[in-house]
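Q: Attaching a predicted model along with its sequence, questions to come.
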Amino acid sequence: MKVAIQGIKGSFHDIVAREFFGESIDIVECMTFGEIPILLRDKKVDSAVMAIENSIAGAILPNYALIDEYNLSIEGELYLTIHHHLLGLKGQTIEDITEVWSHPMAILQCNKFFRSFPHIKLIEEKDTAEVAQRIQKQQIKGVAAIASKYAAELYDLEILEDDIQTIKKNGTRFFILKRSLESPDHESKYEGVKNKASLKFITKHKTGSLAEVLDIFAKHEISLTKIQSMPIIDKQWTYAFFIDLLIDDYKLYENAIHLIRKKVVHLKILGEYQQNRRHED
Ligand SMILES: O=C(O)C(=O)C[C@]1(C(=O)O)C=C[C@@H](O)C=C1
């Protein structure tokens, strides 16, 4: 079983892939999110892990666009508690550090910490763990990574400061993705309780059209966990909506979808999957 992730061994995506699928998978490392749907489309991998939102930094909008454009199917989700640490070569202290390299989402989650160190330059890189690996391999002094404790252990770096995210409780939600919704060989090995769904819809451009859709959910006692608007790029200043909802009663959910289909100009079910509870620690 081949699973594409953003980043290398020791990245948060790596942790999620192994937590979701177990240790026996082959990880295919990508250095951009954009490579993931292409690997799925070309059948180079069976599944993929993709971060979609973080509790401090918010949604990763380009990933919504990738899932939509390549018609990927959401097969599962995982909420991971994220602890960011400042990692450097053994013997270094924070006073020695003049630059910090990390993934842009990780930097966003730690911005407040660096306000107290205005001389430290923050530089966006492709992956938290890849920076940790590079610092060790090339014995780079004066530079620190923002990465996980697991990356510190793997790449034998020292934790110069721990838990540097803006607030202690920090989490990222990841999607487990499979090939296109239309794909004929679309298998569902992870068939379980499907008590959550993600949808995309575009309403008519008239007063109250979004309210009508939300009203149908309310009347069917369907609880929404997230609503996200996304620009429709070929129709400037118009928007599509991405909604996550909980399915308590599948029949009620189906009825609601049936009614909503008649109200909107476009509706796509991105996936129905088992809800993962958010960890609180
Ligand atoms: O760089 C990593 O380790 C990643 O897995 C990427 C990523 C992200 O894209 O949000 C994953 C989780 C954290 O929120 C920070 C970075």
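A: On my side now, so go ahead.

Q: who touches the closest residue to the ligand within the stretch 151-281 of the chain in this structure?
A: Across the stretch 151-281 of the chain, the shortest distance to the ligand (Cβ to the nearest ligand atom) belongs to T172, at 3.8 Å. Glycine gets a C-beta too; all of them are placed from N, C-alpha and C. Neighbouring residues of T172 by Cβ atoms under 8 Å, 6 or more residues apart in numbering: 12, 51, 53-55, 79-80, 82, 105.

Q: Quick check: it vs T32, distance?
A: Noted for T172: a distance of 17 Å to T32, by Cβ to Cβ, to the nearest Å.

Q: Can you give the contact residues for stretch 257-264?
A: Stretch 257-264 has contacts (Cβ under 8 Å, 6+ apart) with 199, 201-204, 209, 212-213, 216, 267, 269.

Q: what are the bridge partners for the residue of the stretch 151-281 of the chain closest to the ligand, then?
A: N54, L80 (DSSP bridges).

Q: what pLDDT does it get?
A: Looking at T172, its pLDDT is 98.

Q: Check R278 too.
A: We have a pLDDT of 65 for R278.

Q: Out of the contacts of T172, flag the one nearest to Q138.
A: F12 (22.7 Å; Cβ to Cβ).

Q: what's near enough to touch the residue positioned nearest the centre of the chain?
A: Nearest to the mean C-alpha position of the chain, by Cα atoms, centre = their mean, lies A51 at 1.3 Å. Applying Cβ under 8 Å, 6+ apart, we find A51 in contact with 6, 12-13, 60, 63, 105, 172-174.

Q: Check K226 too.
A: 53, 242-244.

Q: again, 6 Å this time
A: D244 (Cβ atoms under 6 Å, 6 or more residues apart in numbering).

Q: residue ranges for the helices of the stretch 51-200 of the chain, please.
A: Here the stretch 51-200 of the chain has its helices, by DSSP state H, counting those that start in this stretch, at 61-69, 104-114, 128-137, 149-154.

Q: from the ones you listed, which stretch is densest packed?
A: Of the helices of the stretch 51-200 of the chain, the one with the most neighbours on average (mean count of other Cβ atoms under 10 Å) is helix 128-137, at a mean of 23.

Q: Who are the packing partners of that helix?
A: strand 99-102, strand 143-147 (3 or more Cβ pairs under 6 Å, 6 or more residues apart in numbering; DSSP states H and E).

Q: As PDB, could you dump the C-alpha coordinates of the last one?
A: What follows is strand 143-147 as a C-alpha-only set of coordinates in PDB (Å, rounded to 0.1, in the frame of the first residue of the first chain):
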ATOM      1  CA  VAL A 143      19.800  28.000  11.900                       C
ATOM      2  CA  ALA A 144      16.900  26.300  13.700                       C
ATOM      3  CA  ALA A 145      13.900  24.200  12.400                       C
ATOM      4  CA  ILE A 146      10.300  24.300  13.600                       C
ATOM      5  CA  ALA A 147       9.400  20.700  13.800                       C
END
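
Q: Alright, that wraps it up for me.
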